[in-house]
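Participant: Turn this into a model:
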Amino acid sequence: MNTARLRPVLGALLLVLTAAGCSSGSGGSGGGTSTGSPMPSASPSAAVSPSASTSASPSASASASGSASASSAASSAATAVRVTIKEFTFGPDKFTVSPGATVTVVNEDSTAHTLTATGSGGFDSGTIGAGKTATFTAPTAPGSYPFICELHQFMKGTLTVA
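Facilitator: Sure, this is the predicted structure:
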């Protein structure tokens, strides 16, 4: 199969899925909010915010650089992002958001987790039970904010506000 032909299609699909995931019905209270129903599953590339520091698939990156509108969308910070916890891993573990963006954390593991700032970021999802979802508001000050799962401290990542 010719991957060069698939790149524009995959890039367009990535942009559509990212745009669909950016709508938020939450006003963002700043604290973690957990809900009983998980969000629908999506591919890891659909969960990635459109940012320069996010690692996207080579085909998505190549197609995003192919057009001006896709390129500008790929370089802007997300106003909402979804992080999935699966197999004791944050996905994505590095992402960029706009100041005060809504971050939704979906726990697809069979045990509880948190997504908690390790420094002065002040964000904390609270404990998210297996199969549950929580949201929190990203910091408003630009910078990089390391985070961990407080229950499994080998799980690490970085939230960047740009």
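Participant: Low-confidence stretches in the chain?
Facilitator: 1-76 (pLDDT under 70).
Participant: quick one: the helices in it?
Facilitator: Ranges of helices within the chain are 3-21, 44-47, 58-64, 68-75, based on DSSP state H.
Participant: my guess is Gly91 contacts Thr84, does it?
Facilitator: Yes. Between Gly91 and Thr84 there is a contact at 4.7 Å, judged by Cβ atoms under 8 Å. For glycine as for every other residue, the C-beta is placed from the backbone atoms N, C-alpha and C.
Participant: which other helices and strands contact the lengthiest strand in the chain?
Facilitator: Ranked by number of residues, the top strand in the chain under DSSP state E is strand 94-107. Contacts defined by 3 or more Cβ pairs under 8 Å, 6 or more residues apart in numbering; DSSP states H and E place strand 94-107 against strand 78-86, strand 133-137, strand 152-161.
Participant: Only the buried residues of the longest one, if you could.
Facilitator: Neighbour-count burial for strand 152-161, with 16 or more other Cβ atoms under 10 Å as criterion, is recorded at 155, 157-161.
Participant: Output the residues you listed as a markdown table; include the columns distance to Lys132.
Facilitator: Formatted as a markdown table, the buried residues of strand 152-161 follow (distance: Cβ to Cβ, whole Å):
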| residue | distance to Lys132 |
| --- | --- |
| Met155 | 16 |
| Gly157 | 19 |
| Thr158 | 23 |
| Leu159 | 20 |
| Thr160 | 25 |
| Val161 | 25 |
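Participant: which one of these sits closest to Pro146?
Facilitator: Minimum distance to Pro146 across these is 5.4 Å, recorded for Thr158 (Cβ to Cβ).
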